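Novice: Everything below, folded, please.
(one chain, ligands or ions: 1)
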Amino acid sequence: MTVTESVATTIRSIRAQVAALHAELPRNGLVVWTAGNVSARVPGADLLVIKPSGVSYDEITADNMVVTDLDANLVDGEMAPSSDTAAHAYVYKHMPHVNGVVHTHSTYATAWSARAEPIPCVLTMIADEFGGEIPVGPFALIGDDSIGQGIVTTLSGHRSPAVLMRNHGVFTIGASARAAVKAAVMCEDVARTVHIARQLGTPLPIAQNDVDSLYARYQNVYGQA
Ligand SMILES: O=C(CO)[C@@H](O)[C@@H](O)COP(=O)(O)O
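Specialist: Now for the predicted structure:
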């Protein structure tokens, strides 16, 4: 596939961004070994940039990032793309507002996925970032677009940028790859806190109108909005 010089320039920038974001996964305790990946959509092109499969995070560079089309076909790169490329590609193809996808097996959130139990909205931080419970998606084998179908089915029309894919782990989406990484970090944090709360007693739900208020504030006012 030939791309315009403008798209080629964009790809170079996204390669660097996605490579740098992979360092956030071990830094935030979200992965062991190579068990996680980050991708970004290439705006203006039906392409994505994703990590090469099985490469250690300290060996990931902008140059070894892999570019594929939205059918997960290799377009540019010396190495095989992530095992989850088809899942990421399916999300980009079917959720046009999504520009970043992350996958981890972070411990506490993955423990919730093993039980196929949604993380209830019992913390203001869950209301802020997820707008309600963090849902569970269906079990799906790895390698084709089955996981992607489960992500899209579960998250379409849902506030949450995170889904706990049953018996597997976390997938998050975002308006940018950085936003998807943030969702993965916050998903693991709240999964751990609610797990601990459950060990000490019964967490109390937050009233829906309060969830709505917290979500609206955080999504529209928080920080330097
Ligand atoms: O869950 C799995 C494999 O079962 C993958 O998501 C994980 O190992 C990461 O694979 P990649 O190194 O991105 O190919």
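Novice: Strands along the chain, start to end?
Specialist: Listed in chain order, the strands of the chain (DSSP state E) span 36-42, 47-50, 66-69, 74-76, 100-104, 136-137, 162-165, 169-174.
Novice: quick one: buried residues of stretch 138-146?
Specialist: Using 16 or more other C-beta atoms under 10 Å as the test for burial, stretch 138-146 gives P138, A140, D145, S146. For glycine as for every other residue, the C-beta is placed from the backbone atoms N, C-alpha and C.
Novice: residues contacting A191?
Specialist: S106, Y108, A109, A111, W112, I119, I134 (C-beta atoms under 8 Å, 6 or more residues apart in numbering).
Novice: quick one on the thing from earlier: can you tell me which of the buried residues of stretch 138-146 end up in helices?
Specialist: Counting by DSSP state H, the buried residues of stretch 138-146 place S146 in helices.
Novice: so which two of the buried residues of stretch 138-146 are the farthest from each other?
Specialist: The largest separation in the buried residues of stretch 138-146, counting by C-beta to C-beta, is between P138 and D145 at 12.9 Å.
Novice: quick revisit: of the contacts of A191, just say which sits nearest to the ligand.
Specialist: Nearest to the ligand among the contacts of A191 is S106, at 12.0 Å by C-beta to the nearest ligand atom.
Novice: and the closest one, how many neighbours?
Specialist: For S106, the count of nearby residues is 25 (other C-beta atoms under 10 Å).
Novice: List the contacts of it.
Specialist: G29, L30, V31, G36, G169, V170, A184, C187, E188, A191.
Novice: Give me the ChimeraX select line for these, limited to the buried ones.
Specialist: Here is the ChimeraX selection string for the buried members of the contacts of S106, based on 16+ other C-beta under 10 Å:
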select :30,31,36,169,170,184,187,188,191
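Novice: Mind putting the contacts of S106 into CSV with distance to the ligand and pLDDT?
Specialist: Listed next are the contacts of S106 as CSV, based on distance: C-beta to the nearest ligand atom, whole Å; pLDDT from 0 to 100:
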residue, distance to the ligand, pLDDT
G29, 16, 98
L30, 12, 98
V31, 8, 98
G36, 6, 98
G169, 7, 98
V170, 10, 98
A184, 13, 99
C187, 16, 99
E188, 15, 98
A191, 17, 98
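Novice: Alpha carbons only: can I get the longest helix anywhere in the chain in CSV?
Specialist: Counting by DSSP H, the longest helix found in the chain is helix 177-200. What follows is helix 177-200, C-alpha atoms only, in CSV (Å, rounded to 0.1, in the frame of the first residue of the first chain):
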residue,chain,number,x,y,z
ALA,A,177,-4.2,5.9,22.7
ARG,A,178,-3.2,7.8,25.8
ALA,A,179,-6.8,8.0,26.9
ALA,A,180,-7.1,4.2,26.5
VAL,A,181,-3.9,3.7,28.6
LYS,A,182,-5.4,5.9,31.3
ALA,A,183,-8.6,3.8,31.3
ALA,A,184,-6.5,0.7,31.7
VAL,A,185,-4.6,2.2,34.6
MET,A,186,-7.8,3.3,36.3
CYS,A,187,-9.6,0.0,35.6
GLU,A,188,-6.9,-1.9,37.5
ASP,A,189,-6.9,0.6,40.4
VAL,A,190,-10.6,0.4,41.0
ALA,A,191,-10.7,-3.4,40.5
ARG,A,192,-8.2,-3.7,43.3
THR,A,193,-10.0,-1.2,45.6
VAL,A,194,-13.4,-2.8,45.1
HIS,A,195,-11.8,-6.3,45.7
ILE,A,196,-10.4,-5.1,49.0
ALA,A,197,-13.7,-3.5,50.0
ARG,A,198,-15.4,-6.8,49.3
GLN,A,199,-13.1,-8.5,51.7
LEU,A,200,-14.0,-6.1,54.4
